[in-house]
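Participant: take this sequence and fold it.
(2 chains)
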Amino acid sequence: TQLLEQSPQFLSIQEGENLTVYCNSSSVFSSLQWYRQEPGEGPVLLVTVVTGGEVKKLKRLTFQFGDARKDSSLHITAAQPGDTGLYLCAGRGTNAGKSTFGDGTTLTVKP
Amino acid sequence: NAGVTQTPKFQVLKTGQSMTLQCAQDMNHNSMYWYRQDPGMGLRLIYYSASEGTTDKGEVPNGYNVSRLNKREFSLRLESAAPSQTSVYFCASSVRGSGNTIYFGEGSWLTVV
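Facilitator: Numbering: from 1, shown residues only, chains lettered A, B, ... in the order given. Presented below is the predicted three-dimensional model:
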């Protein structure tokens, strides 16, 4: 089993602040995905990164895949209350196996 | 667009009872999954089906069985429910393999008393 560790587990910030959440593993992944989950709903895909060192931007969200494809980060600029939710990373193994999910980071953005 | 639909939304069971969670997707996806989500433990894969006619165990298959009835439907059965199976269950699907986008249902809240 390829373990994914996400940090921090909980994050509470004020509107307008910047934040970064991390997804780390000792294993190499062929691709890594970030999902966002709101209460009472299923996770929804935000982005997939596949190349080491890749950076993708989605409005105020910036995603980076580590050079060695073992880790990833999600940076949110000027967080808004609408960013509140559970952020999950999921890595797919290099043997074309199933994706493994991290335990998630619960983000609360206070107005 | 319905996407992934799972039923029931909420269920309370007594220990030892059985039940089946139903799931259907209308996106013509090959792969389907059942996950459970517990506080602080993220999503754990129970069973998956890479394609119609095949099923495989995930991380936590004990106490569960699945049936890939056809390409659209993938059901999860609890034969003898236990309090440890109290959780939120998510059905999901993807085009082919989980490296592609995984689309989730809205979840089924199961409480075993």
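Participant: number of nearby residues for the closest residue to A:Arg60 other than its chain neighbours?
Facilitator: Nearest residue to A:Arg60, sequence neighbours excluded (CB to CB, 6 or more residues apart in numbering or on different chains): A:Thr77, at 4.6 Å. Where C-beta positions appear, they are placed from N, C-alpha and C, glycine not excepted. A:Thr77 has 13 neighbouring residues, counting by other CB atoms under 10 Å in any protein chain shown.
Participant: and what of B:Trp109?
Facilitator: By other CB under 10 Å, 14 other residues sit near B:Trp109.
Participant: for it, which non-adjacent residue is closest in space?
Facilitator: Ranked by CB to CB, 6+ apart and with sequence neighbours excluded, the top spatial neighbour of B:Trp109 is B:Phe10, at 4.8 Å.
Participant: residues in contact with that neighbour?
Facilitator: B:Phe10 makes contact with B:108-110 under the criterion CB atoms under 8 Å, 6 or more residues apart in numbering or on different chains.
Participant: is it true that the residue nearest to A:Arg60 touches A:Lys57?
Facilitator: No: contact between A:Thr77 and A:Lys57 fails when scored by CB atoms under 8 Å: they sit 9.7 Å apart.
Participant: the closest residue to A:Ser30 other than its chain neighbours: what's it in contact with?
Facilitator: Of all residues not flanking A:Ser30 in the chain, A:Thr94 sits nearest, at 4.8 Å (CB to CB, 6+ apart). With contact set as CB under 8 Å, 6+ apart, A:Thr94 has these partners: A:28-30.
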